[in-house]
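*Asks:* Using only what follows, build the 3D model:
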Amino acid sequence: QVQLVESGGGSVQAGGSLRLSCSASGSTSAMYCMAWFRQSPGKEREAVAVIDRLGGTAYADNVKGRFTITRDNAKNTALQMNSLRPEDTAMYYCAAGSNYCTFRQFTFAFWGQGIQVTVSS
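*Replies:* Numbering: from 1, shown residues only. Sure thing, here's the model as predicted:
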């Protein structure tokens, strides 16, 4: 079993930065791909960024050049968010899965509880 715990959320003004961290426990074989998703009120959950165990990354178009996903070992990942915009306001979720990385939610078997990010204009 895998447990994921997010930290680092909060409130920031537009143009500011936040760094989210995700600490995982459990089987590393279940964490080939780690990812960040987000969900705003009234909207569907969407992928933000993914990273595989080899360090390969992919980003949603609306965060490219502003967000950076990293992975310091098989179990921990972080999301550096710069130049934040009000539309980045959402609950952010860390996810992990044993399959190759995709932006599809069903790829990921394990999810954190989520952490709130609020960007004010």
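*Asks:* which residues does S7 form a beta bridge with?
*Replies:* On the basis of DSSP bridges, S7 is bridged to S21.
*Asks:* I'd like the distance between the most centrally placed residue in the chain and L79.
*Replies:* Nearest residue to the geometric centre of the chain (C-alpha atoms, centre = their mean): W36, 1.8 Å. W36 sits at a distance of 5 Å from L79 (criterion: C-beta to C-beta, to the nearest Å). To be clear about C-beta, it is placed using only N, CA and C from the backbone, and glycine gets the same treatment.
*Asks:* Now list whatever residues contact both of those two.
*Replies:* Counting by C-beta atoms under 8 Å, 6 or more residues apart in numbering, the contacts common to W36 and L79 are 20, 22, 48-49, 69, 92.
*Asks:* List buried residues within these.
*Replies:* Buried members of the shared contacts of W36 and L79, scored by 16 or more other C-beta atoms under 10 Å, are 20, 22, 48-49, 69, 92.
*Asks:* Which of those sits closest to V63?
*Replies:* Minimum distance to V63 across those is 5.7 Å, recorded for V48 (C-beta to C-beta).
*Asks:* Once you drop chain neighbours, what's closest to that closest one?
*Replies:* Spatial nearest neighbour of V48, excluding adjacent residues (C-beta to C-beta, 6 or more residues apart in numbering): W36 at 4.4 Å.
*Asks:* Pretty sure the one you found sits in a strand.
*Replies:* Yes. Per DSSP: H, G, I helix; E, B strand; the rest coil, W36 lies within a strand segment.
*Asks:* residues of stretch 26-37 that come out buried?
*Replies:* Buried residues in stretch 26-37, counted by 16+ other C-beta under 10 Å: 30-37.
*Asks:* Show the end-to-end separation of it, please.
*Replies:* Stretch 26-37 stretches 20 Å from its first residue to its last (C-alpha to C-alpha, to the nearest Å).
*Asks:* That concludes my questions; thank you for your assistance.
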